[in-house]
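A.B. asks: Any chance you could fold what I've pasted below:
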Amino acid sequence: MSYSVKLINKFSSFVDKSDTKRLSTQTEPEDVVKVKNIVYAGDGSDIYRLLDVYYPEGAKGKLPVIIDIHGGAWFYGTKDINRIYAQKIAREGFAVVNMSYRLLFNGGNIHTMVEDVFGVFNWIKQNEDNYPFDLKNVFLTGDSAGAHIACLALSVMADEELQKTFNVTVPFEINAAGLTCGVYDIEFFMKKMNLSPIRAMMKEFFGKDYKKSPLLKIGTIKNNKVENFPPIHLSTGRKDFMRSQVLAFSKVLAERGVEHELIDFNPKDADYKLTHVYSVLFPDRKESKITTQSMLDFFREHMRES
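C.D. replies: Numbering: from 1, shown residues only. Coordinates of the predicted model:
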């Protein structure tokens, strides 16, 4: 095992302990139906191609769908780190599909991550009669690396050539997306953080000769057909270390004529520093509720009649 991978594993262990402690202080809402650990692809032998479905108890008829993609620098986490955030969103009248995906250093790369998102899309399509899924109203959310993966999926949906590259088909449209504290410019990210663990990650993500790989260009979202994206809700906070990426991507969306809304949150009376993915990690804080409500209101503005 290389020194870089050892550092990454050590960081993963640290974050896992932090997440375990954080989640132990939060409570899953009781008024939400929770169907957990559904295999959406593969033979069920790994923990990565699983999803949960959450929706309000007593819900009648079909509900708008939100597919949530967790963050974790592409190499850490599962759906479980976002479960309470996703369940609280479900309480607001949505059917939330909370997914895991194959990670770097565990069989994951740009191809498998896109494949896994579309695997979830296809599972939803195949199971629309078994759950309260309204496929005329489907939304995509992601935080940090999950926001980047969401944008990769949107890039593929926006470009028939990329659909051929990744060998996927599009089963339904995405009405809008909510992206929280995301990474959008991989090439800039690499230059800014030219460290051995980052280089090791890029080799896993794009291949050993990643600097020459055409996939690296696709990994920087502005290089794709962003003009074909659905409406986008972006959020960040002044203490988010990815804030510059969010603001730069907001400019790209504006230049390409994509309808979008930006929440760059820095209330003077905030009780907490609004750090990276604050609204996902701590969904009950006042500032988190405001940010999440803004995103859900944005989604409601882009619903179609069923």
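
A.B. asks: Now the helix ranked longest in the chain: buried residues?
C.D. replies: The longest helix of the chain (DSSP state H) is helix 3-24. Residues of helix 3-24 classed as buried: 4-5, 8, 12, 19, 23 (neighbour count, 16 or more other C-beta atoms under 10 Å). Using the backbone N, CA and C atoms, a C-beta is placed for each residue, glycine as well.

A.B. asks: Same check on stretch 257-277?
C.D. replies: 258, 260-263, 265, 270, 274, 276-277.

A.B. asks: Just the mean pLDDT for that stretch, thanks.
C.D. replies: Across stretch 257-277, pLDDT averages out at 86.

A.B. asks: picking that back up, restricted to strands, list the buried residues of stretch 257-277.
C.D. replies: 260-263, 265 (DSSP state E).

A.B. asks: now the strands for the stretch 201-306 of the chain?
C.D. replies: 232-237, 260-265 (DSSP state E, counting those that start in this stretch).

A.B. asks: and for the first one, what are the contacting residues?
C.D. replies: For strand 232-237, the surrounding residues in contact (C-beta atoms under 8 Å, 6 or more residues apart in numbering) are 176-182, 242-243, 246-247, 249-250, 253, 258-266, 273-275, 278-279, 287, 291, 294-295, 298-299.

A.B. asks: Let me know the angle separating that strand from strand 260-265.
C.D. replies: Angle of strand 232-237 versus strand 260-265, following axes from the mean of the first three to the mean of the last three C-alpha atoms, to 10 degrees, is 10 degrees.

A.B. asks: let's number from 7 now, not from 1
C.D. replies: Right, with 7 as the first residue, what we last looked at is strand 238-243.

A.B. asks: Pairing partners for strand 238-243, with directions?
C.D. replies: Here strand 238-243 is paired, per DSSP bridges, with strand 182-186 (parallel), strand 266-271 (parallel).

A.B. asks: Now the shortest one: average pLDDT?
C.D. replies: Think strand 182-186. On average, strand 182-186 scores 98.

A.B. asks: Report the distance from the next helix or strand after that strand to the chain centre.
C.D. replies: Scanning forward in sequence from strand 182-186 by DSSP states H and E, the next helix or strand is helix 192-198. Put simply, helix 192-198 sits 20 Å off its chain's centre (C-alpha atoms, centre = their mean, to the nearest Å).

A.B. asks: Would you indicate which residues of helix 192-198 are buried?
C.D. replies: For helix 192-198, using 16+ other C-beta under 10 Å, the buried residues are 192, 195-196.

A.B. asks: got it, and stretch 81-101?
C.D. replies: Neighbour-count burial for stretch 81-101 [16+ other C-beta under 10 Å]: 81-96, 98, 100-101.

A.B. asks: nearest to Phe145, of the strands of the stretch 207-312 of the chain?
C.D. replies: Among these, the nearest to Phe145 by C-beta to C-beta is strand 238-243 (9.3 Å).

A.B. asks: quick one: average pLDDT of the closest one?
C.D. replies: 97.

A.B. asks: I'd guessed Arg97 sits against Val39; true?
C.D. replies: No - under the criterion of C-beta atoms under 8 Å, Arg97 makes no contact with Val39, lying 10.7 Å away.

A.B. asks: Find the residues that touch each one of these two.
C.D. replies: Common neighbours of Arg97 and Val39 (C-beta under 8 Å, 6+ apart) are Pro62.

A.B. asks: of all the strands of the stretch 207-312 of the chain, which lies closest to Pro35?
C.D. replies: strand 238-243 (21.9 Å).

A.B. asks: quick one: the closest one to chain centroid distance?
C.D. replies: For strand 238-243 - counting by C-alpha atoms, centre = their mean - the centre lies 12 Å from the chain centre.

A.B. asks: Just the CA atoms from that strand would do, formatted as PDB, please.
C.D. replies: The C-alpha trace of strand 238-243 is given here as PDB (Å, rounded to 0.1, in the frame of the first residue of the first chain):
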ATOM      1  CA  ILE A 238     -29.700  24.600 -10.800                       C
ATOM      2  CA  HIS A 239     -29.900  25.600  -7.100                       C
ATOM      3  CA  LEU A 240     -26.400  26.300  -5.700                       C
ATOM      4  CA  SER A 241     -25.500  26.800  -2.100                       C
ATOM      5  CA  THR A 242     -22.300  27.600  -0.100                       C
ATOM      6  CA  GLY A 243     -21.200  29.500   3.000                       C
END
